[in-house]
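Chemist: sequence and predicted structure are below.
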Amino acid sequence: MDHLHRTTQILGDLIAYPTISADSNLDMIGHMATLLDDVGARCDVMTSPCGTKANLFATLGPDRSGGIVLSGHSDVVPVADQAWTRNPFQMDPSEGRLYGRGSCDMKGFIAATLAMAPHFAACTRDRPIHFAFTYDEEVGCFGARHLADVLSERGLTPGVAIIGEPTEMRIIDGHKGCNEYTTRFNGLAGHGSIPDHGVNAVEYAVRYVNHLLGLKEALRARAPKDSPFDPPWTTVNVGALVGGVAHNVIAPSAQVDWEMRPVQPGDAEFVKASLREYCETELLPKMRAVHPDAFITTDVIGEVVGLLPTDDNEARRIVSELTGANRCDVVAFGTEAGLFQALGTDVVVCGPGSIEQAHKADEFIAIEQLAQCLGMLEKLGNRLRA
């Protein structure tokens, strides 16, 4: 059976597992572990703290640090309220495309690595090859953080990681971080005619937003001179501000949903420290002067580490040789790559499919893209044999 046919079969099986981030991925993880166990891989299923999800970390070759990681996330985004014209969890081949939720983001890459596992098993000699399949990437890279912690505890640092997000097989060596937060304000309700007798949470939320937006210029001034990103500075966005109950009631609660996309690690702490100081020295004293139980809390929804381009990157060199590409790009979307980079691993993002198809109704991956990916992976195996 040729590699493309086998990849298509495996992809159909993976799409059939509805691994939406809110649900369990254990059945799909078990299926993939069986495929890898069958070719002699040492499989480690790392169950999440909640017990309903897991990472799979599998290794072919010697049991030592270094090696090459092929990484992808098992979870997919929801299909609710999307106008699908076909069953999202049943692969539908049509006109050179394979339709289904997760086909390009990113079960196509995972299927390709699994189809090539027998080739890797036959080729691996002195350098191990690892398969890292994670949970909950779409909602904050929680599985990859879990995996990174385990690898760090074990003293296992992969030398190279290829993150197979859909890049149309372009080599990506940089992307911004993506930090998402929800800040909640608890005040004191009252009649709108006597505003000094209450604590209007919406008004304090507005002040908070104004301070947050005021940081935009400071972030612009902090942009690295050689930043490859567009725009080159850390951005801030307020996604929602909700609160209050009626026109004539002092709003007892409010909520601000906001995000920032750091271009360098220090920017995130700069923003958070400024907001903490503003709350502690300006907002909370005024709120508690009227209502001692007033409070402001911020929940971390997700903090996705950015991938910083580096001058010396073995992953970039290897993938460039495998694909024939002689240039790299940066992208706007986030991935798990930065978590591997933080371990000391050289990382690139390179995988089949287009990000333009991800998260949409009738998501698909072009068969030609899978073929290109398989070509890269076959050459990778041959390189391991040399």
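Modeler: Here it is on my side, so go on. Here the structure is a predicted model, which is why all the values come from computation and not from measurement.
Chemist: just so I have it, where are all the helices in this structure?
Modeler: 3-15, 26-37, 108-115, 117-123, 142-154, 201-221, 265-278, 284-290, 314-323, 337-342, 367-385 (DSSP state H).
Chemist: will you turn those helices into TSV that also has mean neighbour count?
Modeler: All C-beta atoms are positioned from the backbone trio N, CA, C, and that covers glycine. As requested, the helices of the chain are arranged in TSV below (neighbours: other C-beta atoms under 10 Å):
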stretch	mean neighbour count
helix 3-15	20
helix 26-37	18
helix 108-115	29
helix 117-123	19
helix 142-154	19
helix 201-221	17
helix 265-278	16
helix 284-290	14
helix 314-323	19
helix 337-342	24
helix 367-385	19
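Chemist: any chance of those in JSON lines, plus mean pLDDT and distance to Leu60?
Modeler: Conversion of the helices of the chain to JSON lines gives the following (pLDDT from 0 to 100; distance: least, C-beta to C-beta, whole Å):
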{"stretch": "helix 3-15", "mean pLDDT": "98", "distance to Leu60": "16"}
{"stretch": "helix 26-37", "mean pLDDT": "98", "distance to Leu60": "8"}
{"stretch": "helix 108-115", "mean pLDDT": "98", "distance to Leu60": "11"}
{"stretch": "helix 117-123", "mean pLDDT": "97", "distance to Leu60": "5"}
{"stretch": "helix 142-154", "mean pLDDT": "96", "distance to Leu60": "17"}
{"stretch": "helix 201-221", "mean pLDDT": "97", "distance to Leu60": "44"}
{"stretch": "helix 265-278", "mean pLDDT": "96", "distance to Leu60": "34"}
{"stretch": "helix 284-290", "mean pLDDT": "98", "distance to Leu60": "55"}
{"stretch": "helix 314-323", "mean pLDDT": "97", "distance to Leu60": "17"}
{"stretch": "helix 337-342", "mean pLDDT": "95", "distance to Leu60": "18"}
{"stretch": "helix 367-385", "mean pLDDT": "96", "distance to Leu60": "9"}
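Chemist: I'd like those helices laid out as TSV, including distance to Gln255.
Modeler: Formatted as TSV, the helices of the chain follow (distance: least, C-beta to C-beta, whole Å):
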stretch	distance to Gln255
helix 3-15	36
helix 26-37	33
helix 108-115	36
helix 117-123	46
helix 142-154	22
helix 201-221	7
helix 265-278	15
helix 284-290	15
helix 314-323	40
helix 337-342	28
helix 367-385	41
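Chemist: out of these, nearest to His247?
Modeler: Across these, the minimum distance to His247, taken as C-beta to C-beta, is reached by helix 201-221, at 11.9 Å.
Chemist: pull the residues that contact that closest one.
Modeler: The set of residues that contact helix 201-221 without belonging to it, under C-beta atoms under 8 Å, 6 or more residues apart in numbering, is 183, 185-187, 231, 233-236, 238, 241, 243-244, 251-256, 258, 267, 270-271, 274-275, 278-279, 282-283, 286-287, 296.
Chemist: now the buried members of those.
Modeler: Those of the contacts of helix 201-221 that meet the buried threshold are 183, 185-187, 233-236, 241, 243-244, 251-256, 258, 267, 270-271, 275, 278-279, 283, 287, 296, by 16 or more other C-beta atoms under 10 Å.
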